[in-house]
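1. what's the 3D shape of this:
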Amino acid sequence: MASSCFTGVSAPVFSSENYAAWAVKMKAYLRAFDLWDVVEIDKQPNPLPENPTLNQIKHHSEEVAKRYKALSCIHSAVSEMMFAKIMACETAKEAWDKLRLEFHGSDKSKQMQIFNLKREFALLRMKDGESIKDYIDRLMKIMNQLTLLGEVISKNKVAEQVLVSLLEKFEAKISSLEDSKDISTMTISELSNSLQAVELRQAFRDGVIISEGAFVANQTTKMHAGSSSNKQQFGKKGKEKKESFDRRQKGKKEGVKNLVIWRKFARTKVKQISSKLKLLKSYRRRKSNLKSNCLQQAAMKLKSILKPGYWTVDAPTI
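-> Okay, here's the model as predicted:
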């Protein structure tokens with residue numbers, strides 16, 4: 001019996017595009033309501049026996065109603081244009097087969113689709129500048145189309161196809177995976193995660209090299225070493241590259257020259273500042289000595305003032 005929690009679920013609508021995906025969704029929808037047997041094999045209800053009981057009559061009525069429920073589900077799961085194609089069908093199986101034949105093709109056309117997808121899968125190669133995620137998505141799209149057509153590709157074959165179709169920069173990682181793990185047992189997600197980690201490290205390393213200018217310097221050095229051959233091969237383009245390299249080299253030399261001048265200037269400034277500091281220290285020492293001498297003289301004068309009899313005053317005569 002169908003579960004009551006599915007009563008509010010609406011059927012997927014087919015509008016002449018992506019029939020394979022709609023068929024998978026619709027098949028699951030009909031199974032949720034226990035109606036797929038009616039569509040798949042056009043199951044007929046058993047005839048009532050003589051003198052049937054109330055339960056037998058009720059069960060027979062439910063089986064008869066299933067046929068119309070299945071046809072109603074298919075009617076509600078197609079657009080108006082698609083409904084015009086199947087409105088004359090009397091049973092759910094007849095409507096389903098008509099849609100499958102028109103949009104999914106016959107067995108012969110189905111085999112041709114499988115053949116074309118297998119060929120596309122075998123010739124699939126990773127493009128320059130394409131990320132691992134985008135490449136795996138393209139691969140999985142072909143696999144899903146084959147699965148909808150009833151052709152299942154083994155995980156081992158998928159892993160082999162990924163490894164043989166990657167770019168050259170992943171060769172080191174492929175060798176390490178072959179030595180450390182059994183590739184035939186690896187899932188697509190595990191393989192994708194390992195390759196994405198390598199891709200992320202390479203992108204980070206390339207970004208650091210470019211920011212430091214080492215990669216540019218290396219490339220310009222190689223270009224300068226073969227400037228004569230480049231000039232003959234590429235003509236004006238090689239000449240422009242050589243001029244660009246000469247300008248950068250000239251800038252580097254000027255930068256080194258400016259650095260030497262700046263160091264000389266810094267040394268003289270340091271000497272001047274150190275001499276001023278020495279003068280300041282000597283001045284502070286002299287000032288402190290002068291201050292201490294003044295304090296000593298004031299103390300001696302105070303002692304002389306406080307001697308006995310210094311403040312004695314003679315009595316007036318009468």
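2. Name the helix or strand for the spatially most central residue of the chain, please.
-> By Cα atoms, centre = their mean, the mean C-alpha position of the chain lies nearest to K133, the distance being 7.2 Å. Applying DSSP states H and E as the criterion places K133 in helix 132-148.
3. Now whichever helix or strand comes after that helix: average pLDDT?
-> Using DSSP H and E, the next helix or strand after helix 132-148 towards the C-terminus is helix 155-164. For helix 155-164, mean pLDDT is 80.
4. What is the next helix or strand after helix 155-164 packed up against?
-> Heading C-terminal from helix 155-164, the first helix or strand you meet, by DSSP H and E, is helix 171-180. Identification of packing neighbours for helix 171-180 by 3 or more Cβ pairs under 8 Å, 6 or more residues apart in numbering; DSSP states H and E yields helix 188-212. Quick note: C-beta positions are derived from backbone N, CA and C, even for glycine.
5. can you give me the angle the helix it packs on makes with helix 132-148?
-> Going by axes from the mean of the first three to the mean of the last three Cα atoms, to 10 degrees, helix 188-212 is angled at 160 degrees with respect to helix 132-148.
6. just how off-centre is helix 188-212 within its chain?
-> Distance of helix 188-212 from the chain centroid (Cα atoms, centre = their mean, to the nearest Å) equals 10 Å.
7. can you state the direction angle for that helix and helix 171-180?
-> Using the same axes, to 10 degrees: helix 188-212 against helix 171-180 is 140 degrees.
8. tell me which residues of whichever helix or strand L71 is part of are tucked away?
-> Element membership for L71 (DSSP H and E) is helix 54-76. Within helix 54-76, the residues that count as buried by 16 or more other Cβ atoms under 10 Å are 60, 66-67, 69-71, 73-75.
9. Nearest to Q296, out of those: which one, please.
-> C73 (117.3 Å; Cβ to Cβ).
10. In space, what's closest to that closest one - neighbours in sequence excluded?
-> Closest residue to C73 apart from its sequence neighbours, by Cβ to Cβ, 6 or more residues apart in numbering: A11 at 5.8 Å.
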